[in-house]
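>>> Sequence and computational prediction follow.
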Amino acid sequence: MKKLKCTIVFFLMIANISFAQTKNSTTSSKASAAPEKTNLMPEKTSITTEEEYNYITKGYQIQVSSGLDMKKGYAVGNDILFVDGAYDIKLIPIYKVVNNENILVGYVCNALSRVWNKTYWFGFPIGNKALLDKSFESISSTLDKAMILALFKAFANFYLIK
């Protein structure tokens, strides 16, 4: 688990880099074993605060399931969906809106396991090692090895395949 954790941390801590958006909330395109190539896309980022981390790990899920409006001062980006066998990993970028400019503060991860018929929610903060460690602790204590591997493949697919 240590090697997996360190590798994912490395990918997520790259400054000013995020996933290229591949679909919006009204489409249903999926990445698969032979996805359309996705390139790295530089983007303005901000170090995730504790309040933003709580939103991306808990608040967004509550908002979506309750049909509530988006948190004031924030915007959601285009979903990124990766399918690996029985697992669907959806990454949802969350932006802070400052002077009409979107600044990436983190990703909501919606991970569906058809093996367990359950959806898990996690958050991936930007530039805050303590919060990222907290996120990985949650993942490693919740998911089984196969689903952690699917999550890792999703990140690798969008960071490494050009």
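Structure's in. What do you need?
>>> What does the pLDDT read for Ile8?
Ile8 is assigned 42 on the pLDDT scale.
>>> what mean pLDDT would you report for the helix or strand where Ser65 lies?
Assessed by DSSP states H and E, Ser65 sits inside helix 60-66. Mean per-residue pLDDT for helix 60-66: 95.
>>> What's the first helix or strand after that helix?
strand 74-76.
>>> Summarise which helices and strands the helix or strand just after that next one is packed against.
Scanning forward in sequence from strand 74-76 by DSSP H and E, the next helix or strand is strand 80-84. Where contact means 3 or more Cβ pairs under 8 Å, 6 or more residues apart in numbering; DSSP states H and E, strand 80-84 is packed against strand 87-98, helix 145-160. All C-beta spots, glycine's among them, are computed from the backbone N, C-alpha and C.
>>> now those in TSV, with distance to Ile56, mean pLDDT and mean neighbour count?
Compiled in TSV, the helices and strands packed on strand 80-84 are given as follows (distance: least, Cβ to Cβ, whole Å; pLDDT from 0 to 100; neighbours: other Cβ atoms under 10 Å):
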stretch	distance to Ile56	mean pLDDT	mean neighbour count
strand 87-98	5	95	20
helix 145-160	15	88	18
